[in-house]
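Trainee: Provide a 3D model corresponding to the input given below.
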Amino acid sequence: MMLNKSKIKAFLKRFNIIITGFIFSFIYWMLDFLYHYLYVDIGSNFFNCIFPRDIHDLFMRVFITICVISCSIPIQYLNLKKRKLNTELKNSSIFLQNLFDAIQDGISVLDRDLTIIKVNSWMDRMYGADGSIIGKKCYDVYQQRTSPCPWCPCLKTIETGKLHDSIVPYPSQEKPTGWIELTAFPLYDELKKVSNVLEYVKDISKQMEYQTELQKSEVKYREAFNRADLYKDLFAHDISNLLQGILLSSEIILSQLNEKSNSIQIFDALRIIKDQVQRGSKLTKNVRKLSLLENHNLMPEPIEIIGLLRKSVALLNKTYQDKKIDIQIESFTEELFVNVNELIEDIFDNLLINAVNYNKNDNIEIQIKISKIETGVKIEFIDNGMGIEDMRKKEIFQRTSVNSKNTSGMGLGLSLVKKIVDSFNGDIWVENKIKNDYSKGSKFVLLIPEVQLLIH
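Mentor: Residues are numbered from 1 along each chain as shown. This next block holds a predicted model:
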């Protein structure tokens, strides 16, 4: 029974105009009947009033009925076609919206004024927390700006009619928490002019994060490779110097044994050999410490530095007994504890040895000044050597190989000295001994911040 009612209802809805035409025709017949029955053919029977004998009246009724029904049929046809088109249009709109919503990236359609006229559900979830974003400006909703974005690819697409893309911050340039890839596609009207722009929005925050981590890893492993290469050169260079010192001392011993024995010179040579072996052992330990330093595991601790400095001076004098070296130390205190690490001694060794190696004078003069300043402790190593050209003053702390030009001598190299200084938040640089004349000698300035300054 329900099925029949549904069919009847569908039939009436489908052919409503034709049925309306029949109803109007019936109403016309009834009105004409009443008119004849009451005013024209008074007293006539019903049949004669419904079907009058007058051929003219009968013809007019039939003609009008045929006209009404004939007009209702094409109207009904056009109405059915309109309904079909509306249904198809509605289905197409639903299909298009479902297609938009099925895409797991953002899609929005803008007009030439950058007003949002259509979006998919992804854009609603991303930007529609405060309500509908339809009818608003894209730069207001997407970037929280009051004017178009300077990098906007949509403006370029409107201007050129070509595809443009850009990587932009999310949710704003001032406070980015992620990144999106924005691609603008032109939409044309019947005159082949850009009427709208379709924005395709893809969240690439994860990709950018992975790319950043990959770049960091690449830099990290490249630095690790360079450090390994540097340590290899360091060993080859400094161990060679150590062995050379041992070889020279051995030759002295042999020459003394072949000639008249001189126990004092033999004893001094053996002591040099012992010192060189100890320095070689210390070198291997320090390279291991440098690995800890690179991983931020070599923590600063209170260390007395004046005693270490005097020890380095004494070792320098023993190593270069054939040279005339005058080293003077000026300090505001006899004992000084500061927060550094144990590699501070290698800084002293390196600076002192360089002051000797790069000095062609018969009398080598090195002056060491230790003073207390507002920010900590300043130690100056002043020599009368060859000096360093201004253009190389920063470069000497940045070299990546002990084979760099004009670098020699025992120690960790100035680039590693800089790393050690940085590890306890200090600073180091080089100046001319005499202003504007580098050839008169160098002044290396070492600053140790006052993290923990203990003066005895």
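Trainee: Tell me how this protein divides into domains.
Mentor: The chain breaks down by automatic domain parsing into domains covering 13-100, 103-203, 206-298, 301-456.
Trainee: mind giving me JSON lines with those and columns for mean pLDDT and mean neighbour count?
Mentor: All C-beta spots, glycine's among them, are computed from the backbone N, C-alpha and C. JSON lines is the format used below for the domains of the chain (pLDDT from 0 to 100; neighbours: other CB atoms under 10 Å):
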{"stretch": "domain 13-100", "mean pLDDT": "67", "mean neighbour count": "13"}
{"stretch": "domain 103-203", "mean pLDDT": "87", "mean neighbour count": "16"}
{"stretch": "domain 206-298", "mean pLDDT": "70", "mean neighbour count": "14"}
{"stretch": "domain 301-456", "mean pLDDT": "84", "mean neighbour count": "17"}
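Trainee: Scan the protein for its longest strand.
Mentor: strand 437-449 (DSSP state E).
Trainee: quick one: strands adjacent to it?
Mentor: Note on strand 437-449: by DSSP bridges, its sheet partners are strand 376-383 (antiparallel), strand 427-434 (antiparallel).
Trainee: how about the helices in the stretch 251-400 of the chain?
Mentor: Remark: helices assigned in the stretch 251-400 of the chain by DSSP state H, counting those that start in this stretch are 263-294, 305-319, 344-357.
Trainee: mind giving me TSV with the ones you listed and columns for distance to Glu334?
Mentor: Listed next are those as TSV, based on distance: least, CB to CB, whole Å:
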stretch	distance to Glu334
helix 263-294	25
helix 305-319	7
helix 344-357	17
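Trainee: Quickly note the distance from Thr375 to Lys443.
Mentor: 18 Å (CB to CB, to the nearest Å).
Trainee: re earlier: residues contacting the longest strand of the chain, please?
Mentor: 305, 338, 340, 347, 351, 355, 373, 375-390, 421, 424-434 (CB atoms under 8 Å, 6 or more residues apart in numbering).
Trainee: Which residue ranges of the stretch 51-200 of the chain form strands?
Mentor: Ranges of strands in the stretch 51-200 of the chain, per DSSP state E, counting those that start in this stretch, are 106-111, 116-119, 164-170, 178-188, 194-203.
Trainee: would you list those strands in a markdown table and tack on distance to Ala269?
Mentor: Output for those, formatted as a markdown table (distance: least, CB to CB, whole Å):
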| stretch | distance to Ala269 |
| --- | --- |
| strand 106-111 | 80 |
| strand 116-119 | 87 |
| strand 164-170 | 69 |
| strand 178-188 | 68 |
| strand 194-203 | 73 |
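Trainee: what's the closest of the ones you listed to Arg83?
Mentor: Smallest distance to Arg83 across the strands of the stretch 51-200 of the chain (CB to CB): 25.0 Å, for strand 116-119.
Trainee: residues in contact with stretch 367-381?
Mentor: So stretch 367-381 is contacted by 306, 309, 313, 327-333, 336, 338, 351-352, 355, 366, 382-383, 426, 443-451, 453, 455 (CB under 8 Å, 6+ apart).
Trainee: so Ile347 touches Val421, yeah?
Mentor: Yes. At 7.0 Å, Ile347 and Val421 qualify as touching, with contact defined as CB atoms under 8 Å.
Trainee: Do you know the pLDDT at Ser6?
Mentor: Looking at Ser6, its pLDDT reads 66.
Trainee: and Glu380, what are its bridge partners?
Mentor: Beta bridges link Glu380 to Lys369, Val445 when assigned by DSSP bridges.
Trainee: Pretty sure Leu155 sits against Tyr139.
Mentor: No. With contacts counted by CB under 8 Å, Leu155 stays clear of Tyr139, the gap being 10.0 Å.
Trainee: overlap in contacts of these two?
Mentor: Common neighbours of Leu155 and Tyr139 (CB under 8 Å, 6+ apart) are Leu114, Pro148.
Trainee: what's Asn317 in contact with, if anything?
Mentor: Listed by CB under 8 Å, 6+ apart, the contact partners of Asn317 are Ile325, Ile327.
Trainee: again, only using 10 Å
Mentor: By CB atoms under 10 Å, 6 or more residues apart in numbering, the contact set of Asn317 is Lys323, Ile325, Asp326, Ile327, Leu352, Val356.
Trainee: re the thing from before, between Ile347 and Val421, what contacts are shared?
Mentor: Contacts common to Ile347 and Val421, judged by CB under 10 Å, 6+ apart, are Val340, Ile428, Leu446.
Trainee: any chance of these in TSV, plus distance to Leu163?
Mentor: Shown next, in TSV, are the shared contacts of Ile347 and Val421 (distance: CB to CB, whole Å):
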residue	distance to Leu163
Val340	59
Ile428	54
Leu446	58
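Trainee: and of these, the nearest to Val197?
Mentor: So of these, ranked by how close each gets to Val197 (CB to CB), first place is Ile428, at 56.8 Å.
Trainee: any idea how far the closest one is from Leu446?
Mentor: In terms of CB to CB, Ile428 sits 5 Å off from Leu446.
Trainee: Please enumerate the shared neighbours of those two.
Mentor: Ile347, Leu351, Ile379, Phe381, Val417, Val421.
Trainee: Quick check: closest non-adjacent residue to the first one.
Mentor: Taking CB to CB, 6 or more residues apart in numbering as the measure, Ile347 lies nearest to Val417, with 5.2 Å between them; neighbours along the chain are not counted.
Trainee: what sits against that neighbour?
Mentor: 343, 346-351, 354, 396-397, 411, 428, 444, 446.
Trainee: any chance of these in CSV, with distance to Leu96 too?
Mentor: Below are the contacts of Val417 laid out as CSV (distance: CB to CB, whole Å):
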residue, distance to Leu96
Leu343, 69
Asp346, 73
Ile347, 72
Phe348, 77
Asp349, 77
Asn350, 73
Leu351, 75
Asn354, 76
Ile396, 68
Phe397, 64
Gly411, 74
Ile428, 68
Phe444, 74
Leu446, 72
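Trainee: closest one to Asn98 among the strands of the stretch 51-200 of the chain?
Mentor: The nearest among these, by CB to CB, is strand 106-111 at 12.4 Å.
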